[in-house]
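>>> make a model of this:
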Amino acid sequence: MWIDEMLAGQVQVTDRDGAQIASYAQGTSSTEHKRRTQSCKEVIAQSQNLLPGRVCDSNSQCKSQKCKMGPDWGSCEGIQTDSNCHSHADCQEGNYCYNLNYWPYQSRCAAYLNERMECTENA
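Take a look at the predicted model:
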């Protein structure tokens, strides 16, 4: 059964024998009250598999398993320029995963081109 939080005006709750279990003020909802009394909680999934450039506290949080600590906080490091990669997300900030068009057809991290520089393809 779906309950509209604002319109569910439970006055009292009874058990099978008719004994009163709880009562609420007229026009209030138990679910609305619960929502108001909850607090925000940190979701651990949001600090796992972080991409290069994201803030981190330990190596285990980064996709690359490399958290470079600075004076105030750390940041996830990616694969450096001219190193093999699998996807754009593997490369360090400012780089992308470029597919070489000659043997052995490797994918390597390459720096983005600057504005007004000539490009040969859309990557």
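
>>> please make it C-alpha for all contacts and neighbour counts, starting now.
Noted.

>>> domain-wise, how is the chain divided?
The chain breaks down into these domains under automatic domain parsing: 1-37, 49-111.

>>> among those domains, which gets the worst mean confidence?
With a mean of 56, domain 1-37 has the lowest mean pLDDT of the domains of the chain.

>>> phi and psi next, for residue 60.
Main-chain torsions, residue 60, degrees, to the nearest 10: phi -70, psi -20.

>>> who's in contact with the residue nearest to it when sequence neighbours are not counted?
With sequence-adjacent residues excluded and distances taken as Cα to Cα, 6 or more residues apart in numbering, residue 60 is closest to residue 48, at 7.4 Å. Residues near residue 48 by Cα atoms under 8 Å, 6 or more residues apart in numbering: 60, 61, 62, 63.

>>> now the residues you listed: which count as buried?
61, 62, 63 (16 or more other Cα atoms under 10 Å).

>>> what ranges does this structure have for its strands?
12-14, 20-23, 55-56, 67-69, 74-76, 95-99, 107-111 (DSSP state E).

>>> report the separation between residue 68 and residue 55.
9 Å (Cα to Cα, to the nearest Å).

>>> need the overlap of contacts for the two.
With Cα under 8 Å, 6+ apart as the test, residue 68 and residue 55 both reach 74, 75, 76.

>>> highest neighbour count among those residues?
residue 76 (26 neighbours; other Cα atoms under 10 Å).

>>> what pairs with that residue across the strands?
Taking DSSP bridges as the rule, residue 76 bridges to residue 67.

>>> quick check: residue 77 touching residue 56?
No - using Cα atoms under 8 Å as the test, residue 77 is too far from residue 56 to be in contact (9.9 Å).

>>> what touches both of the two?
With Cα under 8 Å, 6+ apart as the test, residue 77 and residue 56 both reach 62, 67.

>>> the chain: helices as residue ranges?
Counting by DSSP state H, the chain has helices at residues 30-37.

>>> circling back to that earlier point, what would the strands of the chain look like in a markdown table with distance to residue 88?
Output for the strands of the chain, formatted as a markdown table (distance: least, Cα to Cα, whole Å):
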| stretch | distance to residue 88 |
| --- | --- |
| strand 12-14 | 56 |
| strand 20-23 | 56 |
| strand 55-56 | 18 |
| strand 67-69 | 18 |
| strand 74-76 | 15 |
| strand 95-99 | 5 |
| strand 107-111 | 8 |
